[in-house]
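Visitor: Take a look and give me a structure for this.
(one chain, ligands or ions: 1)
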Amino acid sequence: MDTAGTLIDCLMRQFPFDVSAEEFVQDPYPWYEEARRRHGPVHRTRSGDLVVLGYFEAQAVLRDPRFGHGAQTAQEPTGYGVPARTFLLTDPPGHTRQRERVRRAFTARELLSLRRTIGETAADLVAAAARSGTADVVADVARPLSARVVADLIGVPEDLRDRFTRAASLLVRGMDPPELIDPGTQESIARARLCLARDIGAALRRPDSSGLLRGLAQDADGPAARAETVATCAQLVAAGYETTVGLIGNGMHALLGHPGELARLTAGGHSEQVTGRTVEELLRFDPPIQLAPRSALVDADIAGTPVPRGAVVSVLLGAANRDPRVFPEPHRLRLDRQPRHLAFGLGSHYCLGAALARLEATAALRQLLRHRPRPTADRVTYSPARVARSVRSLRVRLTPEADARP
Ligand code: HEM
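Guide: You can find the predicted model right below:
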């Protein structure tokens, strides 16, 4: 994940908009739109790197094996000159092998028990929050739910759970360019990386390890395999925690900002209508990951725009999801769409946790809507990260008694 920070560091300074501006953090979408209007769906920076703002072009890059990361094993350097360490930044065949190892460890039995945990945890958290009449959707619901699910999935021992989730938030922030992070936070990120790797290493050796840790520990023989396993688990914690918090927080915020859609969703006094389609439109509208980095592994092109080998390609998922060629009225949340968004990426690196994130968001939103949430403030603030995007806090008033059906 930290390699993405290096890449974005080089590139973000050349984006056709000012990523350091506070207004950009709060609402990047008008900036993307203006950039697309001025430069088209693919923008070439002064250094010859590419910024992809269009949906079809983003799709083409993410599916095209000519674009990748430049490393075939976790130890090899990526196209950005730093070791890959995680399979998110590794190309086939190393990527295929590592991804398959993780996919196998997500057993059907584990997923089934997570489904139960998700439903029960969401119901308990929202009921507890509703008793006081107000709640912070992020702190009281999204964070504890997402933390519990990631910890259960990986099999983090109870005594290490708080440390894992604190580290996860910091690792996601570490995907941003260092110059946009104050020195104190940079130090905390570096410490969190070390601490997480140490904790995962220790957890792998414990006989009471469960979940993915147990599955992965079984075939982690030798120092290289152990290092790969530690990196894989760290990536899962980092990739799975803050992103799901973002989906629930950003999603609820989007619904509150579109009272007509919210009313239609809760018509009839119950929140059953929060369906897969609702969550897909929320993912399109304000995705928790805004950028997928790639580099050209050979001379290539993006929809006719030549891309020399070695050029860095930043695929802006948040911009692609608002491409008016694909989504009419892109800046309006419309729950009647069949959105084919790119919030989970596409192609060989397509998000492994997409089904889990969808389950969590559906459960949390259904429970929240049973208590008829109303905003307590006109504005919310987003956390300062640029690559990951999530509402920092979202206070709502809740009706203590719930509508009958979840
Ligand atoms: C709303 C929540 C989530 C969003 C928006 C999200 C988004 C993404 C995106 C955009 C990618 C692709 C990045 C790229 O192509 O460069 C990705 C990959 C990945 N995600 Fe997620 N994710 C979410 C939740 C999760 C969860 C819950 C987990 C697991 C616990 C997870 C695990 C992964 C992994 C392992 C990869 C790397 C796959 C690979 O490289 O083959 N994600 N995610």
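Visitor: C-alpha only now, for contacts and for neighbours.
Guide: Will do.
Visitor: Isn't Leu256 up against Arg372?
Guide: No. Checked against C-alpha atoms under 8 Å, the pair Leu256 and Arg372 is beyond contact range at 10.4 Å.
Visitor: So for the two, which residue has more residues nearby?
Guide: Remark: of Leu256 and Arg372, Arg372 carries more neighbours, 22 against 18, as counted by other C-alpha atoms under 10 Å.
Visitor: how about that one, what does it touch?
Guide: Counting by C-alpha atoms under 8 Å, 6 or more residues apart in numbering, Arg372 touches Leu398, Thr399.
Visitor: Find me the pLDDT at it, would you?
Guide: Here, the pLDDT recorded for Arg372 equals 92.
Visitor: I'd like to know how far it sits from the ligand.
Guide: Per C-alpha to the nearest ligand atom, to the nearest Å, Arg372 is found 23 Å from the ligand.
Visitor: Spatially, what comes nearest to the spatially most central residue of the chain if we skip its sequence neighbours?
Guide: By C-alpha atoms, centre = their mean, the mean C-alpha position of the chain lies nearest to Thr243, the distance being 3.3 Å. Distances taken as C-alpha to C-alpha, 6 or more residues apart in numbering put Pro288 closest to Thr243, at 5.4 Å, once the chain neighbours are dropped.
Visitor: buried set for whichever helix or strand the residue nearest to the centre of the chain is part of?
Guide: Using DSSP states H and E, Thr243 falls within helix 223-256. Neighbour counts over helix 223-256 (16 or more other C-alpha atoms under 10 Å) mark 226-256 as buried.
Visitor: could you check the angle helix 223-256 makes with the helix or strand that comes right after that helix?
Guide: Where DSSP H and E defines the elements, the next helix or strand beyond helix 223-256 is helix 259-266. Taking axes from the mean of the first three to the mean of the last three C-alpha atoms, to 10 degrees, one finds that helix 259-266 is oriented at 100 degrees with respect to helix 223-256.
Visitor: Can you point out the buried residues in helix 259-266?
Guide: By neighbour count with 16+ other C-alpha under 10 Å, helix 259-266 contains the buried residues Glu261, Leu262, Leu265, Thr266.
Visitor: Now do it, average pLDDT.
Guide: 90.
Visitor: Likewise for stretch 288-296?
Guide: For stretch 288-296, the per-residue pLDDT values average out at 94.
Visitor: Output those of the buried residues of helix 259-266 also counted as contacts of the ligand.
Guide: Filtering these for proximity to the ligand by C-alpha under 6 Å from any ligand atom leaves nothing.
Visitor: Turn the residues you listed into a markdown table, including distance to Asp64.
Guide: Listed next are those as a markdown table, based on distance: C-alpha to C-alpha, whole Å:
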| residue | distance to Asp64 |
| --- | --- |
| Glu261 | 37 |
| Leu262 | 38 |
| Leu265 | 38 |
| Thr266 | 41 |
